[in-house]
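> pasting a predicted model and its sequence here:
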Amino acid sequence: MPFALKQTLNHLPPHKTDAATTAPSLSSPRAAAGVSSRTQSNLEIAQLHAVESKGVAVRARGLTRRFGSRTVIDALDLDIAPGEFVALIGRSGCGKSTLLRVLANLDDDIEGDVTVPQRRAVAFQSPRLMPWLRVWRNVAMGKSGAVDRTRAEAALREVGLAHRSGAWPSVLSGGEAQRAALARALIREPDLLLLDEPFGALDALTRVNAQRLVSRLWQAHGCAVLLITHDVDEALLLADRVLVMADGRISETVIVDLPRRNSDNRTGAAIKNAAPAGNVDASGAVRDTTSVRFGQLRRQLLNALGVENEVAHEDNEPRTLPASASISTVAGSAGASAAAA
């Protein structure tokens, strides 16, 4: 069935009342101004306006994005609930990053209806810190209005980077720079956090620590998260749902029915209910990568990506991989690569 000709990109009102933090994506000044830089005729096709909606952080209906004659996102439907952690995986060129850019309002040349929170933030694989600003000033850029060093340093403390507040970005390690980028996103108090392969450039150990940090921050803040990743294990470690994207659409949805447990053996649900914001155990809630169920879910996702037969084991036992093992790492051992873009 064809979708409506009149398309909209809707902004949900923020859950909180701090007017200083209600601007949309920190990478989208035109959205913060409430208008698009496009022509009036295009504004009639994709308007930016706030709508009342409950029980949804993201809703897309019939979302289509074309580049010339090529359709990258094809009548896609998507729902993400408030506070839900969703991971998105898929082969190169399937439209994952394009979808994230649409949700961040970095690309609004779309067809279809999209509803997103007005207050949202983005973290990319590259930290994108301004080299001429101290770390705390880079973080403060994430919040509109007057520069607020107190809030910037509070965000840095939350990511374990308080001691680097006055440093220049050039002296930060890759992991520290990525944590500074997360602090810049969190200072917005987003209702939707969009993560575009934020750990892709990190070494294995730093990546594991960064995954735990994101898990802890998500538990503390309770925002919805959409994570784009190359890494099947990473998706299963962090997400409530894993979506597989193919040919511009969501081809498969996998519910991650695995408990999250902290170092004190509490489940993730108990942690979220018991701990006040900013007071979650520093290790973050994790999942057991060696469990039979984890192995089953991994094989299901690899099968959806078309690489299951290439990595299947004769004994049919779950394969123990480090949390940083990517799709390309797994498939590479069988002479194939299915890394997502």
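Cool, the structure landed.

> could you use CA atoms for every contact and neighbour count after this?
OK.

> show me where the protein has its helices.
29-32, 40-43, 96-103, 135-140, 149-158, 174-186, 204-221, 232-238, 268-274, 292-304, 308-311, 327-332 (DSSP state H).

> so for the first one, mean pLDDT?
In other words, helix 29-32. For helix 29-32, the mean per-residue pLDDT is 34.

> closest one to residue 66 among the helices of the chain?
Comparison of the helices of the chain against residue 66 by Cα to Cα identifies helix 96-103 as nearest, at 10.2 Å.

> which residues are in contact with that closest one?
72-73, 88-90, 107-108, 110, 114, 116, 194, 196, 228, 245, 341 (Cα atoms under 8 Å, 6 or more residues apart in numbering).

> and those, which is closest to residue 60?
Comparing the contacts of helix 96-103 against residue 60 with Cα to Cα places residue 114 closest, at 4.4 Å.

> hey, what's that closest one bridged with?
With DSSP bridges as the criterion, residue 114 is bridged to residue 9, residue 60.

> count the neighbours of it for me.
Residue 114 has 23 neighbouring residues, counting by other Cα atoms under 10 Å.

> are any of the contacts of helix 96-103 buried, and if so which?
If you count burial by 16 or more other Cα atoms under 10 Å, the buried members of the contacts of helix 96-103 come out as 72-73, 88-90, 108, 110, 114, 116, 194, 196, 228, 245, 341.

> point out where the stretch 1-150 of the chain drops to low pLDDT.
Across the stretch 1-150 of the chain, the ranges flagged by pLDDT under 70 are 1-54.

> do a quick rundown of the strands in it.
7-12, 46-50, 58-67, 70-80, 85-90, 111-117, 120-124 (DSSP state E, counting those that start in this stretch).

> rebuild the helices of the chain as JSON lines, extending it with mean neighbour count.
What follows is the helices of the chain, written out as JSON lines (neighbours: other Cα atoms under 10 Å):
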{"stretch": "helix 29-32", "mean neighbour count": "17"}
{"stretch": "helix 40-43", "mean neighbour count": "13"}
{"stretch": "helix 96-103", "mean neighbour count": "20"}
{"stretch": "helix 135-140", "mean neighbour count": "26"}
{"stretch": "helix 149-158", "mean neighbour count": "20"}
{"stretch": "helix 174-186", "mean neighbour count": "25"}
{"stretch": "helix 204-221", "mean neighbour count": "20"}
{"stretch": "helix 232-238", "mean neighbour count": "25"}
{"stretch": "helix 268-274", "mean neighbour count": "15"}
{"stretch": "helix 292-304", "mean neighbour count": "19"}
{"stretch": "helix 308-311", "mean neighbour count": "16"}
{"stretch": "helix 327-332", "mean neighbour count": "20"}
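
> need the ones you listed in TSV with distance to residue 55, can you?
Formatted as TSV, these follow (distance: least, Cα to Cα, whole Å):
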stretch	distance to residue 55
helix 29-32	23
helix 40-43	27
helix 96-103	17
helix 135-140	30
helix 149-158	27
helix 174-186	22
helix 204-221	17
helix 232-238	21
helix 268-274	19
helix 292-304	27
helix 308-311	35
helix 327-332	33
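
> domain parsing for this structure?
What automatic domain parsing lists as the domains of the chain is 7-80+98-116, 81-97+117-341.

> follow-up on the earlier one: distance to residue 232 added to the strands of the stretch 1-150 of the chain, as a markdown table?
Shown next, in a markdown table, are these (distance: least, Cα to Cα, whole Å):
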| stretch | distance to residue 232 |
| --- | --- |
| strand 7-12 | 30 |
| strand 46-50 | 34 |
| strand 58-67 | 23 |
| strand 70-80 | 19 |
| strand 85-90 | 8 |
| strand 111-117 | 26 |
| strand 120-124 | 18 |
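
> so which of these is nearest residue 303?
In terms of Cα to Cα, the element of these nearest to residue 303 is strand 85-90, at 11.5 Å.

> if we can go back for a sec, between the strands of the stretch 1-150 of the chain, which gets nearest to residue 256?
strand 85-90 (9.8 Å).

> could I have the CA atoms of the closest one written out in PDB?
Extracted in PDB, the C-alpha atoms of strand 85-90 (Å, rounded to 0.1, in the frame of the first residue of the first chain):
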ATOM      1  CA  PHE A  85      18.100  -0.200  24.000                       C
ATOM      2  CA  VAL A  86      18.000  -1.200  20.400                       C
ATOM      3  CA  ALA A  87      21.000  -2.300  18.300                       C
ATOM      4  CA  LEU A  88      21.000  -2.200  14.500                       C
ATOM      5  CA  ILE A  89      23.300  -4.400  12.400                       C
ATOM      6  CA  GLY A  90      23.500  -5.200   8.700                       C
END
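
> packing partners of that strand?
Contact here means 3 or more Cα pairs under 8 Å, 6 or more residues apart in numbering; DSSP states H and E; on that basis strand 85-90 packs against helix 96-103, strand 224-228, helix 232-238, strand 241-246.
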